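Peer 1: let me see the structure of the following:
(one chain, ligands or ions: 1)
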Amino acid sequence: MKLYDELEARGLIAQMTDEVAIPDIINKGEATFYIGFDPTADSLHVGHFVALCLMKRLQLAGNKPIVLLGGGTGYVGDPSGRTDLRSVMEPETIQYHCRCFQHQIEKFIEFGEDKALLVNNVDWLLDLNYIDLLREVGTHFSVNHMLRAECYKQRLEQGLSFLELNYMMMQSFDFFYLYKHYGCNMQFGGDDQWSNMLGGRELIRRKLGVNTYAMTNTLLMNSAGVKMGKTAKGAVWLDPEKTSPSEFYQYWRRVEDQDVFMCLRMLTFIPVETIREMEEWQGKQLDRAKEILAFELTKMVHGDINAEKAQHMADSLL
Ligand SMILES: N[C@@H](Cc1ccc(O)cc1)C(=O)O
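Peer 2: All right, here's what the predicted structure looks like:
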């Protein structure tokens, strides 16, 4: 199965700017693409995991990932799709979070000159000159248009600070910068990032007359339409100190019957054909599917030994 068909079969694709060119470019392994991660906490969580796996799938098909750590955008905070105000983080906290993210990401993605790059936007955003930026970038953004963007909808009721209104311009500038310096021609991200991604694409088009691409992945939602990866205790983290391998395993072992195959498709590397056969399973066999899901994911995040331990622990609880 070609990469694009596989991503589609896994239900990973939400929106894209070009339905002909994007499948073609990624199938040929010709994309240099980036995904940005803002250092909002000292660990990645399950929501980031979908993006990391997507990167891995694209990398395995010969495309080149650029992982962008938002050490610069972290100073501003993305209001997209959020109703709550983000607290302004201290520079030391931002740096520390970036180191934590980097450490975790390095376990998933193989870095190296031709394989993948890791960059931090603090390296170019922090030194921008305000007046220059307003003149060179600000002129290309319509506030009217921004206020209509889907991602700010809920936020406009609560109030959107001027700081946050600038976020879209920062992320757009990143895409422009990565295109210029690394030939990055595509941006991926969660579906809540669509407006920010289009902003960058438009900036590149206006400043350089070049066409670039953007594609979003489906957010991990359960059948009730609720974002997955949260428990009563809070987020399900990838850091074993924050969510133990056993808790991590249990989270997946306990997904609802209707969600197990969607999770297998979106999160694991089990071939789509195998998952299709498993979809015939019913009753007790669904428990088996959940065990496979929990084991596979725990293995990917915490390694074989921890996955086995977590499974034994779960078995002994039964
Ligand atoms: N805005 C993204 C992170 C990001 C940061 C900078 C970028 O250039 C791209 C993406 C998020 O909140 O998830």
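
Peer 1: going by C-alpha atoms from here, please, whenever you check contacts or count neighbours.
Peer 2: OK.

Peer 1: OK, contacts around the residue of the stretch 51-200 of the chain found nearest the ligand?
Peer 2: Closest approach between the stretch 51-200 of the chain and the ligand, counting by Cα to the nearest ligand atom: Q171, at 4.0 Å. Q171 is in contact with 73, 196-197, 199-200, counting by Cα atoms under 8 Å, 6 or more residues apart in numbering.

Peer 1: can we see that at 10 Å?
Peer 2: The contact partners of Q171, by Cα atoms under 10 Å, 6 or more residues apart in numbering, come to 36, 70, 72-73, 78, 121, 125, 177, 193, 196-197, 199-200.

Peer 1: quick one: low-confidence ranges for this protein?
Peer 2: Residue ranges of the chain with pLDDT under 70: 318.

Peer 1: okay, now the domains of it?
Peer 2: Following automatic domain parsing, one gets these domains for the chain: 3-217, 230-317.

Peer 1: for S223, find the nearest of those domains.
Peer 2: domain 230-317 (6.2 Å; Cα to Cα).

Peer 1: check the chain and tell me which residue is nearest its centre.
Peer 2: Taking Cα atoms, centre = their mean, the centroid of the chain lies closest to A51, which sits 3.4 Å from it.

Peer 1: against I109, how distant is that residue?
Peer 2: Distance, A51 to I109, by Cα to Cα, to the nearest Å: 11 Å.

Peer 1: same deal with R201?
Peer 2: The spacing between R201 and I109, counted by Cα to Cα, is 25 Å.

Peer 1: could you do D42 as well?
Peer 2: Counting by Cα to Cα, the gap from D42 to I109 is 19 Å.

Peer 1: correct me, but K230 touches W237?
Peer 2: Yes - using Cα atoms under 10 Å, K230 and W237 qualify as a contacting pair, with a distance of 9.1 Å.

Peer 1: more neighbours: those two, which one.
Peer 2: Taking neighbours as other Cα atoms under 10 Å, K230 and W237 compare with W237 leading, 24 against 15.

Peer 1: tally up the residues packed near the closest residue in space to the more buried one that isn't next to it in sequence, please.
Peer 2: Excluding its sequence neighbours, the residue lying closest to W237 (Cα to Cα, 6 or more residues apart in numbering) is H45, at 4.2 Å. Counted with other Cα under 10 Å, the neighbours of H45 add up to 18.

Peer 1: I'd say H45 and I105 touch.
Peer 2: No - H45 is not in contact with I105 according to Cα under 10 Å; the separation is 11.4 Å.

Peer 1: give the residues shared as contacts by K230 and W237.
Peer 2: Both K230 and W237 are contacted by 45-47, under the criterion Cα under 10 Å, 6+ apart.

Peer 1: which single one of those is nearest to Q95?
Peer 2: Looking across the shared contacts of K230 and W237 and measuring by Cα to Cα, the closest to Q95 is H45, at 17.8 Å.

Peer 1: my read: M146 touches S195, true?
Peer 2: Yes - the pair M146 / S195 is scored as a contact, 8.4 Å apart, by Cα under 10 Å.

Peer 1: what sits in contact with each of these two?
Peer 2: Residues touching both M146 and S195 (Cα under 10 Å, 6+ apart) are 152, 168.

Peer 1: list the buried ones in stretch 157-169?
Peer 2: Neighbour-count burial for stretch 157-169, counted by 16 or more other Cα atoms under 10 Å, picks out 160, 164-169.

Peer 1: try stretch 74-93
Peer 2: 74-80, 83, 93.

Peer 1: ok, stretch 51-70 next?
Peer 2: Within stretch 51-70, the residues that qualify as buried are 51-59, 61-70, counting by 16+ other Cα under 10 Å.

Peer 1: how about the residues of this structure by the ligand?
Peer 2: Within the chain, the positions near the ligand by Cα under 6 Å from any ligand atom are 35-38, 70, 73, 78, 171, 174.

Peer 1: what sits against L134?
Peer 2: 140-141, 169.

Peer 1: for F295, same thing?
Peer 2: 248-250, 252-253, 289, 303-304, 306-308, 310-311.

Peer 1: what subset of these is buried?
Peer 2: Here, 16+ other Cα under 10 Å leaves 248-250, 252-253, 289, 306-308, 310-311 buried among those.

Peer 1: which one of these sits closest to the ligand?
Peer 2: Closest approach to the ligand among those (Cα to the nearest ligand atom): F248, at 22.2 Å.

Peer 1: can you map out the strands along the chain?
Peer 2: With DSSP state E as the definition, the chain shows strands at residue ranges 13-16, 32-37, 64-69, 117-120, 186-190, 213-217, 230-231, 234-235.
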